[in-house]
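Q: The sequence and its predicted three-dimensional model are supplied below.
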Amino acid sequence: MAGPKPPFYLTTPIYYVNDKPHIGHAYTTLACDVLARFKRLDGFDVKFLTGTDEHGQKVQKSATAAGIDPQTFTDRVSANFRDLAAAMNFSNDAFIRTTEPRHKEACKALWTLLVERGEIYLDAYRGWYAVRDEAFYGEDELTTAADGSRLAPTGAPVEWVEEPSYFFRLSKWQQPLLDLYAARPDFIAPDSRRNEVISFVKGGLTDLSISRTTFSWGVPVPGDEDHVMYVWLDALTNYITAVGFPDQTGDYARYWPANLHMVGKDILRFHTVYWPAFLMAAGLEVPGRVFAHGWWTNEGQKISKSVGNVIDPRALIETYGLDPVRYFLLREVPFGNDGDFSHRAMINRMNGELANDLGNLAQRVLSMIAKNCAGAVPEPGPFSEDDDALLAAAVALLDKVRQAMDRQAFHEALEAIWVVIRAANGYVDRQAPWALRKNDPPRMATVLYVLAEVIRRVALLMQPFVPASAARMLDQLGQGPEARDTTALGDRPLLAPGTVLPKPEGIFPRHVVDDEGAA
Ligand code: ME8
């Protein structure tokens, strides 16, 4: 008997509810969804968390601009993120909103812990703040725009702030953070990001302002309700709220520290400097790993509301179908790098890889079985060298995919799968089962068996990426729900001869383009 399932806790950033979700938000959660699905197939007890970040000046401003109170506003926008999860077939086990009472309790408990440990003191903040980034900046980090106004390194406008503020003794945690990065080389990924953080921390850390007094949309500071907590302290705490903090038994004991925080590169510093410093200061464990992925542009342009080129994931799903969109986003760009969305690239991947390479392969093989093997998995004869080589490549896939997933190298997992799909297509051409039908039916049966077994393995490992399509492929191979996890990927071919198969049907449609380049 296998032992109890090991826990695996992974999180997305919680998204600001100042606006509707776009492709960037969908991307981060998709990456987590694929990993969560893979880990479940691979025998883990997964907790996959996403949610919305609802406090702070930016959200308050958006609510004011919409002419409604912040709570009504956040209720509305947060619902859009929940709806996106359904539209994208995300399998998150939990959804957190920072306006929930349990979260305010967790923030207050963490604050109190930090006060008790002497990590917080009252002073005054005089400096620059960018509402768009919800971040403080030093004078030396700013640039000057053509009109003379000052800008954050992200391009966000900054404003001068002077107000009483509580501070967190971040400077004290410089060396412990550097020790953490040195002791745990996997803590920050990819490596380029790790180096970026190390040099930032080596450059010296100043204490961090962690409360504001000039607006009220936030969690009140315990014992001093003129202050609300800095939205990032509030937001980062969500990762422990969701596992029951301040109660440190139950889910907290089981799932914390999280195995992985997935974030975009824009919020790397918050997750790899501030967050572990807060946790260490509170005497809590730090997460296992933070992966910062790259940035999507649209047809070569930065995605922005003012440019009007925000990609709505729902529109893409409507045009191309959900699974092709899921596939494209993780296939097109090495995970960690920046990527460019273009309709041409989307169509090329969808038609060239899903419809041609995989869809045609499955369709050809299953139709031949339906016609020539009475609609049931044929009994194979002895395997040739060519058969063994293809089967061995398919057997080796699980390990390759597993290793790639553990490094969040989704593109490598898909490429490994595609190497086998291409090999299978080469094998079909070489073995020409349609010719064997007349002159060597037993050999045809063996070839079709080998192909069906390879398709079964491919479909099983494609489940995290294209869940609905992969499920249909497994249906067509007569695989029940009990035969869809990685325990069905042992060393020997496992497809049972004689399994009756349903009538085959196409799974990956081609996208037909009416005129040059138009979707
Ligand atoms: O930063 N390409 O929320 P946010 C790729 N509330 N990913 C993108 C993207 C793009 N063009 N645009 C956005 C916040 N993202 C905070 C987080 S966590 C405790 C608090 C993704 O709504 C990417 O994951 O601004 C990025 O980190 C996140 O959305 C920022 O979402």
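A: Here it is on my side, so go on. Numbers count the residues shown, from 1 in each chain.

Q: Please report phi then psi for the closest residue to the ligand within the stretch 351-500 of the chain.
A: Residue nearest to the ligand within the stretch 351-500 of the chain: residue 408 (13.0 Å; C-beta to the nearest ligand atom). C-beta: built from backbone N, CA, C; applies to glycine. Backbone geometry at residue 408, expressed as degrees, to the nearest 10, gives phi 60, psi 30.

Q: does the spatially closest residue to it that is not a sequence neighbour count as helix, strand or coil?
A: Setting aside the residues directly before and after it, residue 408 is nearest to residue 291 in space (C-beta to C-beta, 6 or more residues apart in numbering), at 4.9 Å. Recorded secondary structure, residue 291: strand (DSSP: H, G, I helix; E, B strand; the rest coil).

Q: so residue 291 sits right up against residue 263, yeah?
A: Yes - taking C-beta atoms under 8 Å as the contact criterion, residue 291 and residue 263 are neighbours in contact, 7.2 Å apart.

Q: between the two, who's got more neighbours?
A: Per other C-beta atoms under 10 Å, whichever of residue 291 and residue 263 has more neighbours is residue 291, with 26 against 20.

Q: mind listing what's buried in stretch 338-352?
A: Along stretch 338-352, the positions that meet the burial threshold by neighbour count (16 or more other C-beta atoms under 10 Å) are 339, 341, 343, 345, 346, 347, 349, 350, 351.

Q: Give me the residues contacting that stretch.
A: By C-beta atoms under 8 Å, 6 or more residues apart in numbering, the residues outside stretch 338-352 that reach it are 23, 294-300, 311, 316, 320, 324-325, 327-328, 331-333, 508, 510-511, 513, 517-519.

Q: same question, stretch 492-509
A: By C-beta under 8 Å, 6+ apart, the surrounding residues in contact with stretch 492-509 are 321, 323-324, 350, 354-355, 358-359, 362-363, 366-367, 369-370, 375-380, 391, 449-450, 452-453, 456, 469, 472-473, 475-478, 483, 488.

Q: if you set the cut-off to 6 Å instead, what comes out?
A: 354-355, 359, 363, 366-367, 370, 375-377, 379, 452-453, 456, 469, 472-473, 476, 478 (C-beta atoms under 6 Å, 6 or more residues apart in numbering).

Q: Likewise for stretch 170-186?
A: With contacts defined as C-beta under 6 Å, 6+ apart, stretch 170-186 is touched by 198, 201, 205, 206, 207, 208, 277, 280, 289.

Q: Show me what residue of the stretch 51-200 of the chain gets nearest to the ligand.
A: Using C-beta to the nearest ligand atom, the point where the stretch 51-200 of the chain gets nearest to the ligand is residue 53, with a distance of 3.4 Å.

Q: quick one on the thing from earlier: and for the residue of the stretch 351-500 of the chain closest to the ligand, the neighbour number?
A: For residue 408, the neighbour count with other C-beta under 10 Å is 23.

Q: That one touches residue 290, doesn't it?
A: No - applying C-beta atoms under 6 Å, one finds residue 408 not in contact with residue 290, separated by 10.7 Å.

Q: List the buried residues in stretch 396-413.
A: The neighbour-count check on stretch 396-413 (16+ other C-beta under 10 Å) flags 397-398, 400-402, 404-413 as buried.

Q: sorry, back to before: what subset of the contacts of stretch 492-509 is buried?
A: Neighbour counting by 16+ other C-beta under 10 Å classes 354-355, 359, 363, 366, 370, 375, 377, 452-453, 456, 469, 472-473, 476, 478 among those as buried.

Q: Just checking stretch 275-288 against the ligand, any contact.
A: No - in this structure, stretch 275-288 remains apart from the ligand according to C-beta under 6 Å from any ligand atom; the gap is never smaller than 7.9 Å.

Q: Flag every buried residue along that stretch.
A: 275, 276, 277, 278, 279, 280, 281, 282, 284, 286, 287, 288.

Q: Which parts of the stretch 101-250 of the chain are helices?
A: Remark: helices assigned in the stretch 101-250 of the chain by DSSP state H, counting those that start in this stretch are 101-116, 174-183, 191-202, 231-236, 238-241, 250-255.

Q: Chain neighbours aside, what residue packs nearest to the residue in the chain that the ligand sits nearest to?
A: Closest approach between the chain and the ligand, counting by C-beta to the nearest ligand atom: residue 24, at 2.1 Å. Sequence neighbours aside, residue 296 is the residue nearest to residue 24 in space, at 5.7 Å (criterion: C-beta to C-beta, 6+ apart).

Q: That'll do, ta.
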